[in-house]
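Undergrad: What follows is a predicted structure for the sequence shown.
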Amino acid sequence: MGGPASLAELLAEVTKMTDMQLDENVMNSLKCQIRVNPLHRAMQSVLVDNKEKVPISPRPALRPVDNQNEKMLDNMLTAEGIVVPGCDPSHVADIKREPDFNRELNNVQNELNQEISAYHKKKAELSENVSNVIRRQGEFRPISNKDIESMSNMVSHKLQKVIECAKQRSCEHVTHLKRVYMDARRTRKNFSRHSTEILNAYFQAHITHPYPTEQDKEELARQCNISVGQVSNWFGNKRIRYKKMLAKEKSENGQRCAPQPMPCIPNPYMMQGYPMAPPFMFVPPNMPDYQQFVPKFEPPTTAGTSVSH
DNA sequence: GTATATGATTCTCC
DNA sequence: GGAGAATCATATAC
């Protein structure tokens, strides 16, 4: 059984093979003929060389992997105490949490480990299979080692997304757990009466503009033994609820009789020509700290204003 | 058990 | 980023 003698005939056989219907028996017989042809290797070498020199419909270069998102996910997971395979374990936070939360986090950790380990296994299998298929094709097509390497890179590139998705799921899981276990709404306690009095006193003292400065917030936080954030929350809630309360009062008054002016507190200082009333009438008893929030009023020196103490 | 109060969170707007 | 508004989740009063 002899194959085609010249390179031209060999090429014709290969071309014929690519055009014909996929009848397996015929195809295998043709492949055997081509393999045993003494010019086969030489032809392959020439075709590969030519391909290298004349790029035919070159593939677009793989875009460099944008791993910013993955890094962000890694950082978030390690900050929550999750060991991300492949990341520096010394960065993993050691946080003391309640046992149930820790147990749930361990589950997240195990799932992530399993997914990443399965990924590496699948990746190796797939790369191997793709390489084999390409190598077999290489007998009849101009495929170089560079092509095989490029294809392998492409497989890795695509599969990297799988790991990113696994990390994304873990992050979402941790976020959900934090919401369940660490939402302060679930463990909130009312502030002490003393703290509430201090906050209310400040609010009333600055009723025309109840927006404490950062310095005041810090001082209020210190006195109330709460955080500055809690002070901000308290004033945010207070302002909106106070506003609603006034609106409600107004509408209730309006239903009973003619519209009334906004309920206001007698302000002797305003009556006496001061720009703003000091909050003396709201000072709760037994609250020495409170005095520092009382605005310091310098009586106007201009003629026509007089203050009697 | 229900209504209301209250502290925290989230979303939107500027 | 801060404030307003809506909403959630719990505490408290009844």
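TA: Arrived safely.
Undergrad: quick one: contacts of stretch A:118-125?
TA: With contact meaning Cβ atoms under 8 Å, 6 or more residues apart in numbering, stretch A:118-125 is reached by A:155-156, A:159, A:162-163, A:166. Quick note: C-beta positions are derived from backbone N, CA and C, even for glycine.
Undergrad: could you check whether stretch A:174-189 is close to DNA strand C?
TA: Yes. For stretch A:174-189, a contact with DNA strand C is found by Cβ under 7 Å from any atom of the strand, at A:183, A:185-189.
Undergrad: Among those residues, which one sits closest to A:Leu11?
TA: Closest approach to A:Leu11 among these (Cβ to Cβ): A:Asp183, at 72.0 Å.
Undergrad: TSV for the contacts of stretch A:118-125, including pLDDT?
TA: Output for the contacts of stretch A:118-125, formatted as TSV (pLDDT from 0 to 100):
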residue	pLDDT
A:Val155	77
A:Ser156	78
A:Leu159	76
A:Val162	83
A:Ile163	84
A:Ala166	85
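Undergrad: Show me which of those are buried.
TA: Buried residues within the contacts of stretch A:118-125, defined by neighbour count using 16 or more other Cβ atoms under 10 Å: A:163, A:166.
Undergrad: Output the set of residues of the stretch 51-200 of chain A in proximity to DNA strand B.
TA: Within the stretch 51-200 of chain A, the positions near DNA strand B by Cβ under 7 Å from any atom of the strand are A:179, A:183-185, A:188-191, A:196.
Undergrad: let's see 6 Å
TA: Within the stretch 51-200 of chain A, the positions adjacent to DNA strand B are A:179, A:183-185, A:188, A:190-191, A:196 by Cβ under 6 Å from any atom of the strand.
Undergrad: most neighbours, which of the residues you listed?
TA: Neighbour counts for these (other Cβ atoms under 10 Å) peak at A:Phe191, which has 16 neighbours.
Undergrad: how about it, what does it touch?
TA: So A:Phe191 contacts A:199, A:224, A:226, A:230, A:234 (Cβ under 8 Å, 6+ apart).
Undergrad: same thing with A:Glu52?
TA: The contact partners of A:Glu52, taken as Cβ under 8 Å, 6+ apart, are A:144, A:146.
Undergrad: What mean pLDDT does the helix or strand harbouring it get?
TA: Here A:Glu52, judged by DSSP states H and E, is contained in helix A:40-53. Averaging pLDDT along helix A:40-53 yields 76.
Undergrad: Which ones among the residues of stretch A:174-189 next to DNA strand C map onto strands?
TA: Among these, no residue falls in strands (DSSP state E).
Undergrad: I'd like the residues you listed laid out as TSV, including pLDDT.
TA: Converted to TSV, the residues of stretch A:174-189 next to DNA strand C look like this (pLDDT from 0 to 100):
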residue	pLDDT
A:Asp183	76
A:Arg185	77
A:Arg186	79
A:Thr187	81
A:Arg188	85
A:Lys189	89
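Undergrad: Return the member of these nearest to A:Ser127.
TA: Among the residues of stretch A:174-189 next to DNA strand C, A:Asp183 lies closest to A:Ser127 (Cβ to Cβ), at 44.2 Å.
Undergrad: separation between that closest one and A:Gln160?
TA: Using Cβ to Cβ, to the nearest Å, A:Asp183 is found at 34 Å from A:Gln160.
Undergrad: neighbours around A:Glu197, how many?
TA: The number of residues packed near A:Glu197 is 19, by other Cβ under 10 Å.
Undergrad: Equivalent analysis for the one 4 residues further on, please.
TA: The local packing count at A:Ala201 equals 21, with neighbours defined by other Cβ under 10 Å.
Undergrad: next one: A:Arg222
TA: Neighbours of A:Arg222 under the rule other Cβ under 10 Å: 12.
Undergrad: In the helix or strand encompassing it, which of the residues would be classed as buried?
TA: Take DSSP H and E as the rule and A:Arg222 turns out to sit in helix A:214-224. Using 16+ other Cβ under 10 Å as the test for burial, helix A:214-224 gives A:216-217, A:219-221, A:223-224.
Undergrad: Out of these, which comes closest to A:Asn69?
TA: Using Cβ to Cβ, the buried residues of helix A:214-224 come closest to A:Asn69 at A:Lys217, 36.0 Å.
Undergrad: For the stretch 1-150 of chain A, give me the ranges with low pLDDT.
TA: The model of the stretch 1-150 of chain A has pLDDT under 70 over residues A:1-5, A:18, A:20-22, A:55-66, A:95-98.
Undergrad: for it, what spans make up the helices?
TA: Taking DSSP state H, counting those that start in this stretch, the helices of the stretch 1-150 of chain A run over residues A:7-19, A:24-36, A:40-53, A:68-79, A:99-137, A:145-182.
Undergrad: For A:Ser232, which residues are in contact?
TA: Each residue near A:Ser232 by Cβ under 8 Å, 6+ apart is listed here: A:Lys217.
Undergrad: Tell me how far it lies from A:Leu199.
TA: Using Cβ to Cβ, A:Ser232 is found at 11 Å from A:Leu199.
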